[in-house]
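**Q** Pasting the sequence and the predicted model now:
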Amino acid sequence: MPSTIQPQQSIPSIHAMSISPLQGSGFSSSRLRDRNSDVCRDKTEEELLRSRRMHSAGIRDRASRDHPAYVPGDRVVFTDSPSVPGVPVVYRLPEDRQANPDRLNLDRRHLNVCPLLEGEEQLRLLNLQHNMIMQIQHLSALHRLIFLDLYDNMISEISGLQSLVSLRVLMLGKNRITSIANLEHLTKLDVLDLHGNRIRDIENLNHLSELRVLNLAGNQIACVHNLGGLGSLAELNLRRNVITEVYDLDCLPSLQRLFLSYNNISSYEDVSCLSNVSSLIELSLDCNPYASNPSYKPTLLDQIRSLKLLDMKKVSDEEHRVAAFMVKKQVEKKREVDRQTAEKEQREHAINNAERHWRALRSRSRQSKSQLRLADSRDWEQRRMSRSSSASTGRNGSARSISRERSFSASRSGQRPDTASSLSHYCDVSGDILSLYGVDSLCELDKNWGVQATAAVTTVAFHFVFFDSVVESLYKIRGKFPGVVSLVFQHNNIQNLQQLNALSCLRRLDSLTIHSEGNPVTELSLWKPYVLFRLSHLGLRKINDEDMTPSDIVNAEKLFGSLSHISTSELPQSRLLSLLGDARRKQVLQAAGIKHDDQSYLADSKRHHLINAELSK
């Protein structure tokens, strides 16, 4: 038997470094960090291990296969198994086993299978890292094993562990494992390292109630979930995956350290469950898209008040207070933006509905008028006999038409006729413009607008509102908005010049705009001169944004002045005065020496003469 080389006593054993959790002193988290980025051993340890590997017995003389060979350094003997060809048998001399009965280091022995361990039933720590093992096997006799290191092998499936019921630490990093499985019997597992594999899903871990450290870094995990039942988990490493969403962390009451660096997390909503993890003191989210967001740090510090370390940097109480203040400002700003966006969407929706309802009402109104004309032609004689009744009907026709229109609008929206739908009309004040959209928007004139708003309004714009309905509400506008000097009409079904006479009741009108859309009256060539003549007492200066010149006023007078004289001479004075605007009517009565509320002039022929004289001026 060849002489053996005594091991170097100064070299620290890897097992001595890993036994601490089993003795209750706490497992070193750096031991489980992914070895591609986190330093697991310092330079001195690497040099010592390299020196040790130079004396390792992993390289044995292939020419002496038929004879046992001692392994220098560890006094380990390799031989071939006569019963299982191709599987090596490892054993130690009794005195060597007695010196270290609970640990065995088979690091870097070029093993492609797990060897048979003869007489090693008392082992508690077994190191098989840096080999080429493809399957976990031949460990069923190691019932006392608590630490198994198979880092850096070629294992594709977790198997062969069902008899290791005492196992506390399982190191399977840097292998070819595609799924987490076959851990049902390892209920005492304290540390599980699966970093650097090909795992896509977190699964089959819910029974590991004693698990404190889980390392899944460097895999292909896209979603973090299925973590229920891990009540003791204190550290979770998920670096360098493809994670976009994180769930179930709020069911980990003991979680203290979480590492999510180098993933695809793009917003706080992807990790919002962290706000319910009250035990979390360390978090790493650097090198995610979300980390470049200006609100990244303030939001995390505000939502996770227990944090002491963020991206490996200490966090003070003052930073938490500043973050809370900044987040409050951001929330207020976002709330205002959301409010404006919601109002804009509501406005667009209401306007679209108002347009749709208006077009439907207009179509129905045309059909009703066609039917009325047909009925009138059939009952002409009867209507002649009841002309006075017809006149009354004519005066109230617009009101009935409006009632039918509103009833039709309500029937389309599924509401009662007298109920305004919040989605079929819109009303707002922007600057000095009051805009009304939809038939039911006129009801908004009754609400309390406030002194400041009513004083600021100088323009009222009517959209998708029938002109006859507007006429009924002109007195409200005149009373509530005394500063109004401009009116805008668009889609109001103004069809003839006679309808425009109703505007004469206003106190003042500097500008009038009637858009061609939905207003057939604009197709008449003389509509502007007529408006200028008929509303001359209001001081009209602009029509459709076009300045009215003195020559325009003269031409309008020439066109309609004589016609007006003929028509007024044939009308009773009471009817003629009723057609005048309030200002002009008061002026005429005052010049005739009559109080405007005195009705006795109707029976006084002398006063008739005075009124005619004033009207002829």
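**A** Structure's in. What do you need? Numbering: from 1, shown residues only.
**Q** What's the local residue count around the residue lying closest to Gln303 once chain neighbours are set aside?
**A** Leaving out its chain neighbours, the residue that sits closest to Gln303 by CB to CB, 6 or more residues apart in numbering is Ser275, at 4.2 Å. Glycine gets a C-beta too; all of them are placed from N, C-alpha and C. For Ser275, the neighbour count with other CB atoms under 10 Å is 17.
**Q** ok, so what distance separates Ser275 from Ala323?
**A** 13 Å (CB to CB, to the nearest Å).
**Q** now do Glu121
**A** Applying CB to CB, the value for Glu121 to Ala323 is 57 Å.
**Q** Tell me where the model's unsure across the protein.
**A** 1-74, 366-423, 562-617 (pLDDT under 70).
**Q** Please identify which of Glu121 and Ala323 sits among more neighbours.
**A** Ala323 (22 against 12).
**Q** give the contact list for that one.
**A** The contact partners of Ala323, by CB atoms under 8 Å, 6 or more residues apart in numbering, come to Lys297, Pro298, Thr299, Leu300, Leu301, Asp302.
**Q** and it, which of the three is it?
**A** Under the three-state scheme (DSSP: H, G, I helix; E, B strand; the rest coil), Ala323 adopts helix.
**Q** Going forward, the N-terminal residue is numbered 32.
**A** In the new count, where the first residue is 32, that last one comes out as Ala354.
**Q** Not including adjacent chain positions, what is the nearest residue to it?
**A** Once flanking residues are discounted, Ala354 sits nearest to Leu332: 3.6 Å by CB to CB, 6+ apart.
**Q** residue ranges for the helices of the stretch 532-648 of the chain, please.
**A** Applying DSSP state H, counting those that start in this stretch to the stretch 532-648 of the chain gives helices spanning 558-565, 581-601, 604-610, 613-622, 636-646.
**Q** how near is Met479 to Leu555?
**A** Residue 479: Asn, not Met. Taking CB to CB, one finds Asn479 at 40 Å from Leu555.
**Q** Met579 now?
**A** Taking CB to CB, one finds Met579 at 17 Å from Leu555.
**Q** and what of Ala391?
**A** Counting by CB to CB, the gap from Ala391 to Leu555 is 26 Å.
**Q** and if you look at Ser297?
**A** Taken as CB to CB, the span from Ser297 to Leu555 is 61 Å.
**Q** Mind checking which of the two has more residues around it?
**A** The neighbour count for Ser297 versus Leu555, taken as other CB under 10 Å, is higher for Ser297 (15 against 12).
**Q** Surely His351 is within a helix?
**A** Yes: according to three-state DSSP, His351 belongs to a helix.
**Q** Spatially, which residue comes closest to it, not counting chain neighbours?
**A** Leu332 (5.2 Å).
**Q** distance of the closest residue to Leu534 other than its chain neighbours from Asn158?
**A** Spatial nearest neighbour of Leu534, chain neighbours left out: Leu566 (6.0 Å); criterion: CB to CB, 6+ apart. Distance, Leu566 to Asn158, using CB to CB: 102 Å.
**Q** and Leu245, what element?
**A** strand 244-246 (DSSP states H and E).
**Q** Output the contacting helices and strands for that strand.
**A** The helices and strands touching strand 244-246, judged by 3 or more CB pairs under 8 Å, 6 or more residues apart in numbering; DSSP states H and E, are strand 222-224, strand 266-268.
**Q** just checking, Asn268 touches His226?
**A** Yes: counting by CB atoms under 8 Å, Asn268 sits close enough to His226 to count as a contact (6.9 Å).
**Q** Mind checking which of these two has more residues around it?
**A** Taking Asn268 and His226 together and counting by other CB under 10 Å, His226 has the greater number of neighbours (29 against 25).
**Q** For that one, give its distance to Asn272.
**A** Counting by CB to CB - His226 and Asn272 are separated by 10 Å.
**Q** same question, Met579
**A** 74 Å.
**Q** again with Val255
**A** 9 Å.
**Q** list residues touching both of His226 and Asn272?
**A** Contacts common to His226 and Asn272, judged by CB under 8 Å, 6+ apart, are Leu247, Ala248, Gly249, Asn250.
**Q** Might you specify the subset of those residues located within helices?
**A** Using DSSP state H, no member of the shared contacts of His226 and Asn272 sits in helices.
**Q** Can I get stretch 268-287 as PDB, trimmed to CA atoms?
**A** Extracted C-alpha coordinates of stretch 268-287, given in PDB (Å, rounded to 0.1, in the frame of the first residue of the first chain):
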ATOM      1  CA  ASN A 268     -32.900  35.500  -4.100                       C
ATOM      2  CA  LEU A 269     -34.400  36.000  -7.600                       C
ATOM      3  CA  ARG A 270     -31.700  37.900  -9.300                       C
ATOM      4  CA  ARG A 271     -31.100  37.600 -13.100                       C
ATOM      5  CA  ASN A 272     -34.400  36.000 -14.100                       C
ATOM      6  CA  VAL A 273     -37.000  37.400 -16.500                       C
ATOM      7  CA  ILE A 274     -39.500  38.400 -13.800                       C
ATOM      8  CA  THR A 275     -42.300  40.900 -14.800                       C
ATOM      9  CA  GLU A 276     -44.800  40.300 -12.000                       C
ATOM     10  CA  VAL A 277     -44.400  39.500  -8.300                       C
ATOM     11  CA  TYR A 278     -47.200  38.000  -6.200                       C
ATOM     12  CA  ASP A 279     -47.700  36.100  -2.900                       C
ATOM     13  CA  LEU A 280     -44.800  37.800  -1.100                       C
ATOM     14  CA  ASP A 281     -47.400  39.100   1.400                       C
ATOM     15  CA  CYS A 282     -47.900  35.500   2.600                       C
ATOM     16  CA  LEU A 283     -44.300  35.300   3.800                       C
ATOM     17  CA  PRO A 284     -44.500  36.700   7.400                       C
ATOM     18  CA  SER A 285     -40.800  36.100   8.100                       C
ATOM     19  CA  LEU A 286     -39.300  37.600   4.800                       C
ATOM     20  CA  GLN A 287     -36.400  40.000   5.600                       C
END
